[in-house]
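>>> with the sequence up front, the predicted model follows.
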Amino acid sequence: MKKEEAILQIKRASKHFGGFYAVNDVSLEVKRGQICGLVGPNGSGKSTLFNTILGLQKPDSGDIIFNGTRINDAAPHQIYNMGMVNAFQIPHIFPSMSVLDNILIAARDYPGENMIESLFLRRKWQEKEQKLIEEAMEILKFVNLDMLGFALTSELSGGQRKLLEIAKGLMAKPTLFLLDEPAAGVNPVLGKKIFQKLQELTQEGMTFLIIEHRLDLLFEFASWIYVLNKGIIVAMGQPHEIVDNPDFYQAYLGEK
Ligand SMILES: Nc1ncnc2c1ncn2[C@@H]1O[C@H](COP(=O)(O)OP(=O)(O)OP(=O)(O)O)[C@@H](O)[C@H]1O
Ligand SMILES: [Mg+2]
């Protein structure tokens, strides 16, 4: 597939709760290998839009197309298996498990407790697990958590949990990674490091769609921004265009 092709296309998608439209006739495209930003004030529908892309909430109308396939009716695990993963606004991790175990269970081909494999294919299973552990340790190193591999996740700070959530996503080797506020609760230096790391991953062909309230960071690294207000895309463009767009400020300042 060509690099300039869109990996994700949303065509006229809407999602309403009763009579309230959280996402209202939204169309957008995310290009392969891009860091694409989605911004907007609180309650503008960003997370709801993510949920409809991920198959967690079905859109009421419109089309969600991932890698050329319409995924409106696909279940979250099917979409995950197609190569799209996400990191939640609030990290979804198991607190009583170690950092390493949390990331291992996110591996797409983790053998886990498969009885047949563990009984009859013990050596193969061990080799596979060893390889996955090495991969996991490399990813933990990438997000600066390698010293905490055997710590319990309950011992991690809020920022470290964010990093673990990102590491879990990377372990699944996604082609498209949706991140909901990766820099929230993370100190400014680490926040910038996270974005630098994501940019490195675009060199390997990974694509990111990122919701972020830290606009300074997002605008430094994203190549395209969509601005959502009350469920509607009110502005789009390169970061330098967005900062000159009155509709962007209007979205944040609200009605006069
Ligand atoms: N399951 C639901 N039922 C009813 N209303 C909902 C539901 N989920 C979201 N909403 C409403 O939809 C609107 C958009 O919410 P959403 O969480 O998508 O906003 P957001 O842009 O992610 O906000 P934030 O920046 O605060 O995370 C809000 O008014 C919210 O109250
Ligand atoms: Mg949100």
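Structure's in. What do you need? From a predicted model like this one, the values you see are computed outputs, not experimental measurements. Numbering: from 1, shown residues only. Ligands and ions are numbered 1, 2, ... in the order given.
>>> what's the helix or strand for the residue lying closest to Trp224 once chain neighbours are set aside?
In space, Trp224 comes closest to Cys36 once its chain neighbours are excluded; the distance is 5.0 Å by C-beta to C-beta, 6 or more residues apart in numbering. (Glycine included, C-beta is placed from N, CA and C.) Using DSSP states H and E, Cys36 sits within strand 35-39.
>>> which element follows that strand toward the C-terminus?
Where DSSP H and E defines the elements, the next helix or strand beyond strand 35-39 is helix 46-53.
>>> Leu164 is in contact with Asn102, correct?
Yes - with contact defined as C-beta atoms under 8 Å, Asn102 and Leu164 form a contacting pair (6.2 Å).
>>> what is in contact with these two at once?
By C-beta atoms under 8 Å, 6 or more residues apart in numbering, Asn102 and Leu164 have these common neighbours: Ile93, Thr153.
>>> can you list the residues of the protein near ligand 1?
For the chain, the contact set with ligand 1 under C-beta under 6 Å from any ligand atom comprises Phe17, Ala22, Gly40, Asn42, Gly43, Ser44, Gly45, Lys46, Ser47, Thr48.
>>> give me the contacts around stretch 206-217.
7-8, 30-39, 46-47, 50, 53, 89, 174-184, 191-192, 195, 198, 201-202, 218, 222.
>>> neighbours of Phe219, just the number please.
Using other C-beta atoms under 10 Å, Phe219 has 17 neighbouring residues.
>>> flag every buried residue along the host helix or strand of it.
Following DSSP H and E, one finds Phe219 within helix 215-221. For helix 215-221, the neighbour count (16 or more other C-beta atoms under 10 Å) marks Leu215, Leu217, Leu218, Phe219, Phe221 as buried.
>>> what of stretch 68-84?
Going by neighbour count (16+ other C-beta under 10 Å), the buried part of stretch 68-84 is Ile71, Ala74, Ile79, Tyr80, Met82, Gly83, Met84.
>>> cool, and stretch 98-107?
Ser98, Val99, Leu100, Asp101, Asn102, Ile103, Leu104, Ala106, Ala107.
>>> what's the distance between the first one and Met147?
Taking C-beta to C-beta, to the nearest Å as the measure, Ser98 and Met147 are separated by 13 Å.
>>> now the second one
Distance, Val99 to Met147, using C-beta to C-beta: 10 Å.
>>> for stretch 238-251, output the C-alpha coordinates as CSV.
Backbone C-alpha positions of stretch 238-251 (Å, rounded to 0.1, in the frame of the first residue of the first chain) are rendered in CSV as follows:
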residue,chain,number,x,y,z
GLN,A,238,-1.4,22.0,9.8
PRO,A,239,-0.6,23.2,13.3
HIS,A,240,0.6,26.6,12.0
GLU,A,241,-2.6,27.0,10.1
ILE,A,242,-4.8,26.1,13.1
VAL,A,243,-3.2,28.7,15.3
ASP,A,244,-4.2,31.3,12.8
ASN,A,245,-7.8,30.0,12.5
PRO,A,246,-10.4,31.9,14.5
ASP,A,247,-12.7,28.8,14.6
PHE,A,248,-10.1,27.1,16.7
TYR,A,249,-10.1,29.9,19.3
GLN,A,250,-13.9,30.1,19.2
ALA,A,251,-14.1,26.4,20.0
